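S.K.: no sequence on this one, just coordinates:
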Ligand SMILES: [Zn+2]
């Protein structure tokens, strides 16, 4: 997926990697000032790192060419498609981002389109060694019955995981999180929660969780309390997890990002999506440390909506150093024009991730926070540790880790290869 103009794609065994092509690169990237070049050896290493992705919106991660195809299938003329299928690099704020979100990814409508979108997302994640993938989507008011949409996503997940196994030789675990929109009505959220519980009871179902997403600024979690309580009462006893987008932005009208997280926790959230505002409150920070609260971090997404100024201003490093239970996700691969490998590279270039141990910790945290059964979790942890051990045994990787990922690396590492 294109991230940096000025970089060119080369073909390697896993995902496409990017090579800095200097001043003679292609057209200027409007986010160039936010991005730093990453040495090829580091990119190769990061691509090979076993990863988890717990926070991924299906529509917002569907490749744009596929979405264009869906738009045509949904009756848009060629002119309309070229008008609609546009995504900016950055947004004024979350609401600005959501305005585009409700126009472009919304074209994943029919069960067949959900199937193809899910296959594409699983394939992209597998290519960069994602071992645990949780895909989230809303299922109401689409181009088909919610039951048919869930069945299509589950089938695509199973087919995609099987294809990953055949192609790459590793076990990838995948599941589905049913999403309710903060902007939706409380009745719709409750219906989504009811469907999540009912459909997860079907044999072989991959529904493992429920999420509340959208604008904190305009819609307090309280509005959807009935849905969250429904999951608490009926979903959790049968293994469903509850995650809530909260503390993504500093203010939620009269509610601060900190209050937003506290309310989500009071309503039973097991995990918090984003949660970066918790660093503003010592009491909440202490609670999160003690409770090992899983926090799904999506740093580039936060930069993209200007919740933080740049990678360098993100609290990830501080959260890691305080022992918070943070993992890494993209949020929206297409809307954010990023992969996990690219995001990891930028976090490294901006000194947010400086040691090999930190990278391993992010993956371990992700596996432990995933909505997996205990047996699946044990298996995934074992596979991830084996993958790390294989990386560490390779002399080339040993040199890359020693040179670029030891805590004593000089601050101006970039000069070493500039
Ligand atoms: Zn999200």
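M.R.: Structure's in. What do you need? Just so we're clear, the structure is a prediction, and the values are computed from it rather than from any experiment.

S.K.: For stretch 277-294, the averaged confidence score.
M.R.: What stretch 277-294 shows for mean pLDDT is 97.

S.K.: what's next to that stretch, contact-wise?
M.R.: 54, 247-250, 256-258, 260-262, 265, 270-272, 275, 295, 315, 318-319, 322-327, 365, 368-369 (Cβ atoms under 8 Å, 6 or more residues apart in numbering). Backbone N, C-alpha and C define where each C-beta goes, glycine included.

S.K.: and what of stretch 111-119?
M.R.: Taking Cβ under 8 Å, 6+ apart as the rule, stretch 111-119 contacts 58-59, 62, 66, 70, 73, 107-108, 135, 137, 142-144, 148-149, 151-153, 155-157, 159-160, 163.

S.K.: please redo it, this time with the cut-off set to 6 Å
M.R.: 58, 62, 70, 108, 144, 148, 149, 152, 153, 156, 160 (Cβ atoms under 6 Å, 6 or more residues apart in numbering).

S.K.: Quick check: the first one touching residue 139?
M.R.: No. Counting by Cβ atoms under 6 Å, residue 58 stays clear of residue 139, with 10.2 Å between them.

S.K.: hmm, back to that, can you name the two of the contacts of stretch 111-119 that sit furthest apart?
M.R.: 144 and 160 (19.5 Å; Cβ to Cβ).

S.K.: how about the strands of this structure, start to end?
M.R.: Assigned by DSSP state E, the chain shows strands spanning 7-10, 17-20, 51-57, 130-137, 173-181, 207-213, 241-246, 251-252, 255-256, 271-274, 294-297, 325-328.

S.K.: okay if I get those as a markdown table plus mean neighbour count and distance to residue 375?
M.R.: Formatted as a markdown table, the strands of the chain follow (neighbours: other Cβ atoms under 10 Å; distance: least, Cβ to Cβ, whole Å):
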| stretch | mean neighbour count | distance to residue 375 |
| --- | --- | --- |
| strand 7-10 | 15 | 39 |
| strand 17-20 | 19 | 35 |
| strand 51-57 | 27 | 17 |
| strand 130-137 | 26 | 14 |
| strand 173-181 | 25 | 11 |
| strand 207-213 | 27 | 14 |
| strand 241-246 | 26 | 16 |
| strand 251-252 | 20 | 39 |
| strand 255-256 | 18 | 39 |
| strand 271-274 | 26 | 20 |
| strand 294-297 | 26 | 19 |
| strand 325-328 | 24 | 20 |
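
S.K.: Now do the contacts for the residue nearest to residue 98 when sequence neighbours are not counted.
M.R.: The shortest distance from residue 98 to any non-neighbouring residue, by Cβ to Cβ, 6 or more residues apart in numbering, is to residue 215 (6.1 Å). Residue 215 is in contact with 94, 95, 182, counting by Cβ under 6 Å, 6+ apart.

S.K.: can you check residue 49 too?
M.R.: So residue 49 contacts residue 359 (Cβ under 6 Å, 6+ apart).

S.K.: what's the answer for the one 4 residues further on, then?
M.R.: Under the criterion of Cβ under 6 Å, 6+ apart, the contact list for residue 53 reads 125, 130, 133, 329.

S.K.: Can you give me the pLDDT of it?
M.R.: Confidence score, pLDDT, at residue 53: 98.

S.K.: same question, residue 17
M.R.: 37.

S.K.: swap in residue 252?
M.R.: So residue 252 comes in at 56 (pLDDT).

S.K.: just to revisit the earlier point, neighbour-wise, which of residue 144 and residue 160 wins?
M.R.: residue 160 (24 against 17; other Cβ atoms under 10 Å).

S.K.: Go ahead and confirm the more buried one touches residue 122.
M.R.: Yes. Counting by Cβ under 6 Å, residue 160 does reach residue 122; the two are 3.1 Å apart.

S.K.: which one is residue 306 nearest to, not counting chain neighbours?
M.R.: Residue 306 sits nearest to residue 93 (Cβ to Cβ, 6+ apart), 6.2 Å away.

S.K.: Residue 317 too?
M.R.: Residue 317's closest residue in space is residue 352 (Cβ to Cβ, 6+ apart), at 4.7 Å.

S.K.: Neighbours of the one you found, how many?
M.R.: Count around residue 352 with other Cβ under 10 Å applied: 22.

S.K.: Tell me how far residue 233 lies from residue 194.
M.R.: Separation of residue 233 from residue 194 (Cβ to Cβ, to the nearest Å): 11 Å.

S.K.: Likewise for residue 377?
M.R.: In terms of Cβ to Cβ, residue 377 sits 27 Å off from residue 194.

S.K.: Same question for residue 50.
M.R.: 36 Å.

S.K.: Which one of those two is surrounded by more residues?
M.R.: residue 50 (26 against 15).
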